[in-house]
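Participant: Whatever this is, show me its structure:
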Amino acid sequence: MPMNRNLYPKNWGQIALDIKTAADWNCQQCGRPCRRPGEDDEELISRVSGSEWEADLFEAVDLPEMGLTLKRKLGRFLLTVSHLNHQPADCRPENLRASCTVCHCRYDLADMARKQRLKSERLGQLTLPVRDEP
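Facilitator: From the prediction side, this is the model:
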């Protein structure tokens, strides 16, 4: 689901930077080292090479015209900030976690139905109270 910047506070960029810096640019869920500000591809590859994360740098792709080739998968090493309660306006530090894109996506997908309901409510959809079966 794309990020709707209107739901975030104006200083979201600084808040997110503070969370990432406090996590030393590592995913707080899986520990993956992520790209630091100003770090280029080669610096990231060099830093991750030899670590347990090296296998995640590339993906083998079978291209008929070229044979087997390696495709860079550096997007896996981007650090994001996730809201644990999926409420973008709730930027309390205890509600925020530095997450690599892989962990952030897994976290969001696990709660997709609730996120879609919350989005519908923000757009004006009314909800009915749940009644117990008689």
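Participant: Give me the pLDDT value at Arg131.
Facilitator: pLDDT, Arg131: 68.
Participant: let me fix that: Glu65
Facilitator: 76.
Participant: Pro2 too?
Facilitator: On the pLDDT scale, Pro2 is placed at 65.
Participant: Then Cys103?
Facilitator: Here, the pLDDT recorded for Cys103 equals 94.
Participant: That one against Gly31, yeah?
Facilitator: No - using CB atoms under 8 Å, Cys103 is not in contact with Gly31; the gap is 9.8 Å. Placement of C-beta: from N, CA and C, glycine included.
Participant: higher neighbour count, those two?
Facilitator: Taking neighbours as other CB atoms under 10 Å, Cys103 and Gly31 compare with Cys103 leading, 21 against 13.
Participant: Distance-wise, check the more buried one relative to Leu63.
Facilitator: Between Cys103 and Leu63 the distance is 29 Å, computed by CB to CB, to the nearest Å.
Participant: ok, and for stretch 19-26, which residues are buried?
Facilitator: For stretch 19-26, a neighbour-count test (16 or more other CB atoms under 10 Å) marks 19-20, 23, 25 as buried.
Participant: could those residues be laid out in CSV, adding secondary structure?
Facilitator: Formatted as CSV, those follow (DSSP: H, G, I helix; E, B strand; the rest coil):
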residue, secondary structure
Ile19, helix
Lys20, helix
Ala23, coil
Trp25, coil
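Participant: From these, pick the one nearest Leu7.
Facilitator: Set against Leu7, the nearest of the buried residues of stretch 19-26 by CB to CB is Ile19 (17.1 Å).
Participant: For the closest one, give its distance to Ser99.
Facilitator: The gap separating Ile19 from Ser99 is 10 Å, by CB to CB.
Participant: Give the residues shared as contacts by those two.
Facilitator: Taking CB atoms under 8 Å, 6 or more residues apart in numbering as the criterion, Ile19 and Ser99 both touch Val81.
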